[in-house]
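Chemist: test case, fold it:
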Amino acid sequence: MENFFNIRAEKQSHIINAALSVFGKQGYRKASLSDIAQSAGITKGMITYYFGSKKNLYLYLLSVIHEKLTKEINEKLPPDITDFFEKIKIAVEIQVEAIKKHPGLISFVNSMTSERDPDIATEIEQSFIEDYNRLNEIVFSEIGTNPLYKFVFWASSGFTEELYATNGEESQIDELATSFYDCLDMIKKR
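Modeler: Numbering: from 1, shown residues only. Reported below is the predicted structural model:
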């Protein structure tokens, strides 16, 4: 993959978004390097040159998501933030920014959560579930028996579902996020 890192960042991002989208729509087994190359506007040979195989590309996407999420969590959710509502807001911002940067992320994550192909199932479990659990632990560790916090957790789960239903449409994402923030502020004030 060293060759991939030698191309300019804009082209890397374009290939990543194409791969996220194709894998997201078709799933791992049905997606082909040809489909990904066509979506990225390059040849299949270039995809093979950069990644070697479809599995390597998929695993690279998992690592990109994992690394970016870990970085965002570490930077934006430091341990000194104790306000529950602020944590929720930051977690939503992390999701929104990731989806804006990589619109194919929505379909990729949706597909990934139901992926059962034995070639990649273990890696998905290790990467995605670890990230998801870590984010939930940081943000929702204070829920306990507090009914208001439970309600906000349920609301944020619904927000995530609606966010994924936008299919990466930026104006819908912004509108949805603004509405969610407004609701959070109203709940916090009560």
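Chemist: pLDDT-wise, which helix or strand of the chain ranks last?
Modeler: Confidence across the helices and strands of the chain bottoms out at helix 130-140, with a mean of 70, counting by mean pLDDT, DSSP states H and E.
Chemist: could I get the full set of helices for this protein?
Modeler: Under the criterion DSSP state H, helices of the chain are mapped to 2-5, 9-30, 33-40, 44-51, 54-76, 84-101, 105-113, 121-124, 130-140, 147-165, 170-189.
Chemist: just give the number of residues close to Asn17.
Modeler: Counted with other Cβ atoms under 10 Å, the neighbours of Asn17 add up to 19. Heads up, the C-betas are built off the backbone N, CA and C, glycines and all.
Chemist: now it: how far from His102?
Modeler: 6 Å (Cβ to Cβ, to the nearest Å).
Chemist: before we move on, what about Phe159?
Modeler: Taking Cβ to Cβ as the measure, Phe159 and His102 are separated by 19 Å.
Chemist: and the residue nearest the centre of this structure?
Modeler: With distances taken as Cα atoms, centre = their mean, the residue of the chain nearest its centroid is Leu105 (5.3 Å).
Chemist: that one and Val96 touch, don't they?
Modeler: No. Applying Cβ atoms under 8 Å, one finds Leu105 not in contact with Val96, separated by 11.0 Å.
Chemist: where do the contact lists of the two overlap?
Modeler: By Cβ atoms under 8 Å, 6 or more residues apart in numbering, Leu105 and Val96 have no common neighbours.
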